[in-house]
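> Fold the following, please.
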Amino acid sequence: MKRILLTLTFCGLTLIAKSQNASIEQSTYGIQTGFLGIWAHNETKLTNSIALRSEIGLDSGIWGGDFYDGTGFLMTPVITLEPRLYYNLNKRVSKSRRIDGNSGNFISLKTSYHPDWFVISNTDNVNVISDISIIPTWGIRRNLGKHITYETGIGIGYRYVFAKQAGFLENESETTVNLHLRIGYRF
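Got it, this is the predicted structure:
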C-alpha cells in the first residue's frame, strides 16, 4: 500500500511541476513604418531571451519656420544593429499571453548609423552629415493577429556627428533621444 501511495505521489508531482522555458523565435523578418520613416528588419536569436535586431531603412525629417521659405521634407538611409533582451517572456507565458513574433517587453542598446549616401527631399541641394548614435532603450512589442505588430520605445543616449566631412572645423557629440512608435507586418 505504501508503494502504491508513493508511486501515485511521484506521478502527481510530475504532472503538477512543469518546467517551461519561454524562448524568442529563431529568426523573424518584417517591415515597419512610423511617423518619420520606413524600415525592414530581422531579429536573430542569440539566447532564449536575447535577439540581435538588424535593420535598414529610411529615417525622415521635417523642417520649416521663419528662416525658411517653406516646409522641407527629407528621407535618408539608416543602418541599425540592436541587441535586445526580452525580459518578461516567462511571465507572459504564465499569464497565457502571446510571445510569438518576439512579443514582450525589452531593453536594448540601439546603435544607428546615418551614412551620407543619398537624400530624398522636396528641396534641392540638401545634404545629410553622417552620424552614429548609441541609445539604451526600453520598449514593448505586441502582435495584433498573426502578422501585424506594433512597437514603442524610449531612450536617451549619445550621438557623434562627423561634421568635418561636411567642411566644419570639428566633429560634434551630443545627447540624443530615441522615441519611436511603429506599426509593422511580420513575414
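> can you give me the helices for this structure?
2-16, 89-94 (DSSP state H).
> which of the ones you listed has the lowest average pLDDT?
Of all the helices of the chain, mean pLDDT reaches its minimum on helix 2-16 (a mean of 53).
> Identify the bridge partners of the closest residue to S121 other than its chain neighbours.
Spatially, and ignoring its direct neighbours in sequence, S121 is nearest to L74 (4.1 Å; C-beta to C-beta, 6 or more residues apart in numbering). Using the backbone N, CA and C atoms, a C-beta is placed for each residue, glycine as well. Legend: beta-bridge partners of L74 under DSSP bridges are G61, S121.
> What about L74, how many residues nearby?
Counted by other C-beta atoms under 10 Å, the residues lying close to L74 total 18.
> How about G70?
Residues near G70, counting by other C-beta under 10 Å, number 9.
> Hmm, it is touching G64, no?
Yes - at 6.7 Å, G70 counts as touching G64 under the criterion of C-beta atoms under 8 Å.
> Tell me the bridge partners for the residue lying closest to W138 once chain neighbours are set aside.
Nearest non-adjacent residue to W138, counting by C-beta to C-beta, 6+ apart: I107, 5.4 Å away. Beta-bridge partners for I107, by DSSP bridges, are L85, W138.
> Near I107, how many other residues are there?
I107: 15 surrounding residues under other C-beta under 10 Å.
> The residue nearest to T176 when sequence neighbours are not counted and S108, how far apart?
Setting aside the residues directly before and after it, T176 is nearest to R159 in space (C-beta to C-beta, 6+ apart), at 3.9 Å. Using C-beta to C-beta, to the nearest Å, one gets 16 Å for the distance from R159 to S108.
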